[in-house]
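Visitor: Sequence first, predicted coordinates after that:
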Amino acid sequence: MDRNLGRRGLVLLGAVFMTAGLLACGRQGGTAGLYGKDKKLRRDITLEEIRSAEAVHGDLIGVSYDHGGGMNGETDSLTLTRDGDQGPMIRTRKAAFHSFPLIVREYRAEETVFGTLEDLIRKDNLTLWADLPEEEYEVLDAPETSLTFIYDETDLGGSAYETYTISFDNVIPEGGREILWDFAKTLGEAVLEENCLDRYFEWNGDRIEIGRDKPNTEEEIALLVSGYWTEPGGDKADNTLILLGYSLEDPMDFYIREDGTSTEWPLSFKGIVHEPWKEADCGWQIRLADEDKNLWILYMEDLSLKLVRDDGSASYTLERQN
């Protein structure tokens, strides 16, 4: 074997490993001393130490805020992505206590939003926070909150969807919780109602279509009207509230809240008619009766519930509490 050729091969092989090492160091970013034996950041890590590290990433392609779970089963999430020719898009999913399915809203976002968020991520090296250790004690049945950043790091030898998730339940450095909430607030400010493109219901990842020509199943109808619905505007504590059961056969209680008191007004289920109510943009109507045997009609229009008396003498518009 040619010794010179062997030496050149070793030099070339060494260069490959050195390049890989530098690449890994660039992505991890000079973090020696920040980590413990468990490969998590030290429990006593400071913001200054995290900020002093260097982290190199590819293109930021997604950011999300997620809050929910726990005993109440609430959901509040906001996801920012790049959607081809449409540019930055934001999708929100919301459902309050015992409210399901989710209400999903899709928005067009400003072109500058990714740059603004990326500056905040770099400022505090937020991707490193994904390696924070877990708290020793967790509150059972409490909702969880997290931020997730998604990068395309294929040019750095990584994944096309490299994710970094920060749990608010982890050991957060002193002063760090305010930083995370400020980031979540900035992300939320990117949602502009005038840029809303679509609104719809979602259950188990499937979209539930609503309209005069949509033959919704009775299971879908039960899902759509279940949960907490209130009259729009004002203080919810003083608004009319309707609480429906988890199935159409469960009691449907209608509450009138006035002057801080609550008056229960039960409505009994009489059946579903699979046809529109007058000119409503809905292909079904639920028939209910009050204690005086007056007939009431419950249907959906523009993601709101309409409750009207059959003779037209009274009506309510109710919106999902989320």
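Guide: That came through fine. Worth saying up front: this structure is predicted, and the values here are computed from it rather than measured. Residues are numbered from 1 along each chain as shown.
Visitor: low pLDDT regions in the stretch 101-250 of the chain?
Guide: 138-140, 233-250 (pLDDT under 70).
Visitor: again, only using 80
Guide: For the stretch 101-250 of the chain, residues meeting the criterion pLDDT under 80 lie at 136-142, 226-250.
Visitor: domains of the chain?
Guide: As assigned by automatic domain parsing, the chain contains the domains 29-195, 211-320.
Visitor: what's the nearest residue to residue 183 if we skip its chain neighbours?
Guide: Excluding its sequence neighbours, the residue lying closest to residue 183 (Cβ to Cβ, 6 or more residues apart in numbering) is residue 120, at 5.5 Å. Where C-beta positions appear, they are placed from N, C-alpha and C, glycine not excepted.
Visitor: oh sorry, the question was meant for residue 208
Guide: Here the residue nearest residue 208, using Cβ to Cβ, 6+ apart, is residue 201, at 4.3 Å.
Visitor: Need the three-state assignment for that neighbour.
Guide: strand (DSSP: H, G, I helix; E, B strand; the rest coil).
Visitor: show me the contacts for it.
Guide: 101, 102, 103, 104, 207, 208, 210, 223, 224, 303 (Cβ atoms under 8 Å, 6 or more residues apart in numbering).
Visitor: 7 Å - rerun?
Guide: Residues in contact with residue 201 (Cβ atoms under 7 Å, 6 or more residues apart in numbering) are 101, 102, 103, 208, 224.
Visitor: Could you dump the domains of the chain into JSON lines with mean neighbour count added?
Guide: JSON lines is the format used below for those (neighbours: other Cβ atoms under 10 Å):
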{"stretch": "domain 29-195", "mean neighbour count": "16"}
{"stretch": "domain 211-320", "mean neighbour count": "15"}
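Visitor: circling back: check the contacts of residue 201 and tell me the two furthest apart.
Guide: 102 and 224 (11.3 Å; Cβ to Cβ).
Visitor: Which parts of the chain are helices?
Guide: 3-28, 47-52, 113-123, 176-188, 218-225 (DSSP state H).
Visitor: contacts for the shortest one?
Guide: The set of residues that contact helix 47-52 without belonging to it, under Cβ under 7 Å, 6+ apart, is 34, 124, 125, 128, 173, 175, 176.
Visitor: Max pairwise distance over those residues: which two?
Guide: 34 and 175 (17.0 Å).
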